[in-house]
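1. Sequence and computational prediction follow.
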Amino acid sequence: MCSERLREYHKKGPSSDLRTEFEKDYHRIISSPSFRRLQDKTQVFPLDKSDFIRTRLTHSLEVSSFAKSLGQSVGARIIKEGLADDFTDRTRADICDVLQCAGLLHDIGNPAFGHFGESAIQDWFKRNLGKLKLRGVPLTAVLSDQMQNDFYHFEGNTQALRVVTKLHFLVDERGMNLTKALLATMIKYPGSSLEISYDKNDPGRDIKHKKMGYFYADKDNYKEIEDSCGLNGCRHPLTFLLEAADDIAYNTADIEDAVKKGNISFDLLLEELKGFRDRYGDGADEASTELYASMLERLEKLYRRALENHYEPAGNYAVSNWIVSVQGLLINAVTDAFIDNYGDIMSGNCRRDLISLSRGDLIVRALSDIAYRYVFISKPILKLEVAASAIFDFLLEKFTDAFIFYDTSCWDDERTAIRDKLTRLMSDNYLRIYRKYSEGCDEAEKLYLRLLMVTDYVCGMTDSFAKRTYQELTGII
């Protein structure tokens, strides 16, 4: 504790709160119900019974830890190399706090059943929005292009901003009342649903346009954050570190979980890693291939150690310890990439993610490829996702059908017993938020906000709650 803060402490008395605003953010987050609900949301394996397999909560804790570590490493390098005159030890501590909090929040808007939940919501609206009508008029003729695209490209990161600024009602309508620096760091894609760049093969595509960053309903909040932090349509520099922390966490964890679950054996993993190097190693830079070779050597060495010491199962031991090594080396690689691209990042001209700019690119691409083939398209996962699709389809169909007519002049004519019951099942908090923000709006925006209320409700459900609600409403005991 610095002497200045000690003097302030003694002046105000021992009950004074000496936390910085960023430290207060941390305590607001970990005490929130939205954060606690992450313990019952899927990371990769839906409704898994194992205590070992990661949930959204444990994944978020890991991302938070890696993000803070990256802040420490990058901050130390900025000071050591004199890259910014006004960057001090206090600045370094602050960015570590911001990154730690951003890691906790980065998935707080994700729906149940993993990333498939986002696809399920997107697909439902693409199939149905044009079929639904209000007073005989298709909803697509009522809603603006941006309003429609918000649902067609529904995104967990975008929902996260909505959760922490509006949906988490504690004291007032400002949500968790977090600092602008933290909110800016959370926004991975600083653009609307109309600014998404679709061509993945376009070498000039800017990473910030990969997905949308805010809903039409939250444009004023986004603008306030953007202006406060002077972003001018660019990513916040710390967003690059948060994204890298997430990339490191899930790419390494998915492999470890897959081995523990038996989706892939140690021998097959080693074979796949060598095969990937043989197929793509020639196209990578020298630093990436050297790191890849050292990682392969490390994995084989750990397996031999396990055999020599009779650790069982030897493959699990080797992979778990290897993952820790990979994570540490990737943190170093990302730190170097941030420093090497410091000028472009700070000026808003960096168009790629840090992993792809680092010597860790080849190993991360290999892990991602292996996880996709042995986990994400494995039959058990596919079966669970088909079941999850039925749950999302049912919930969206029923609640959307009810809320299309809710709070309109034709509600009395269209009101049925089942629609009335469904509107009464809606969260009181979400209804209150709808009433507040729909006041004075035209019919199109009110309709949009009602549909958004439905996605807020469905997206906020945990795996277990979504499954239970589906079973209760369909009469499945």
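-> Received it, and whenever you're ready, just let me know what you need.

2. and the closest residue to Leu302 other than its chain neighbours, what is it in contact with?
-> Spatial nearest neighbour of Leu302, excluding adjacent residues (CB to CB, 6 or more residues apart in numbering): Ala318 at 4.0 Å. Where you see a C-beta, it was placed from the backbone N, CA and C, and this is true even at glycine. Contact analysis of Ala318 by CB atoms under 8 Å, 6 or more residues apart in numbering lists 266, 299, 302-303, 305-306.

3. And for Cys350?
-> 235, 240, 341, 344.

4. where does the stretch 201-350 of the chain have low pLDDT?
-> For the stretch 201-350 of the chain, the stretches flagged by pLDDT under 70 are 201-204.

5. Among the contacts of Cys350, name the buried ones.
-> Neighbour-count burial (16 or more other CB atoms under 10 Å) is assigned, among those, to 235, 240, 341.

6. will you turn the residues you listed into CSV that also has secondary structure?
-> Converted to CSV, the buried ones among the contacts of Cys350 look like this (DSSP: H, G, I helix; E, B strand; the rest coil):
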residue, secondary structure
Arg235, coil
Phe240, helix
Asn341, coil
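
7. Tell me where the chain has strands.
-> Using DSSP state E, the strands of the chain run over 133-134, 137-138.

8. Between those, which one is closest to Gly275.
-> strand 137-138 (50.3 Å; CB to CB).

9. Share the number of residues neighbouring Ser65, please.
-> 17 (other CB atoms under 10 Å).

10. Please apply the same query to Asp282.
-> If you count neighbours by other CB under 10 Å, Asp282 ends up with 8.

11. Next, work out how far apart it and Tyr292 are.
-> For Asp282, the distance to Tyr292 equals 12 Å [CB to CB, to the nearest Å].

12. Not counting sequence-adjacent ones, nearest residue to Leu354?
-> Nearest non-adjacent residue to Leu354, counting by CB to CB, 6+ apart: Ala244, 4.3 Å away.

13. any idea how far Ala466 is from that neighbour?
-> Counting by CB to CB, the separation of Ala244 from Ala466 is 31 Å.

14. And those two? Which one has more around it.
-> Ala244 (29 against 24).

15. before we move on, the earlier item: would you mind putting the contacts of Ala318 into JSON lines with neighbour count alongside?
-> Listed next are those as JSON lines, based on neighbours: other CB atoms under 10 Å:
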{"residue": "Phe266", "neighbour count": "20"}
{"residue": "Leu299", "neighbour count": "20"}
{"residue": "Leu302", "neighbour count": "22"}
{"residue": "Tyr303", "neighbour count": "21"}
{"residue": "Arg305", "neighbour count": "14"}
{"residue": "Ala306", "neighbour count": "20"}
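
16. so who does the residue most central in space within the chain touch?
-> Ranked by distance to the mean C-alpha position of the chain (CA atoms, centre = their mean), the top residue is Asp107 at 3.3 Å. Contact analysis of Asp107 by CB under 8 Å, 6+ apart lists 38, 41, 56, 59-60, 63, 156, 160.

17. Confidence-wise, which of these comes last?
-> Ranked by pLDDT, these bottom out at Lys41 (82).

18. Count the neighbours of it for me.
-> 27.

19. Does it touch Arg54 like I think?
-> No: at 10.8 Å, Lys41 does not count as touching Arg54 under the criterion of CB atoms under 8 Å.

20. follow-up on the earlier one: adding distance to Thr91, write the contacts of Asp107 out as CSV.
-> Formatted as CSV, the contacts of Asp107 follow (distance: CB to CB, whole Å):
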residue, distance to Thr91
Leu38, 30
Lys41, 34
Arg56, 31
His59, 28
Ser60, 25
Val63, 22
Gly156, 30
Ala160, 25
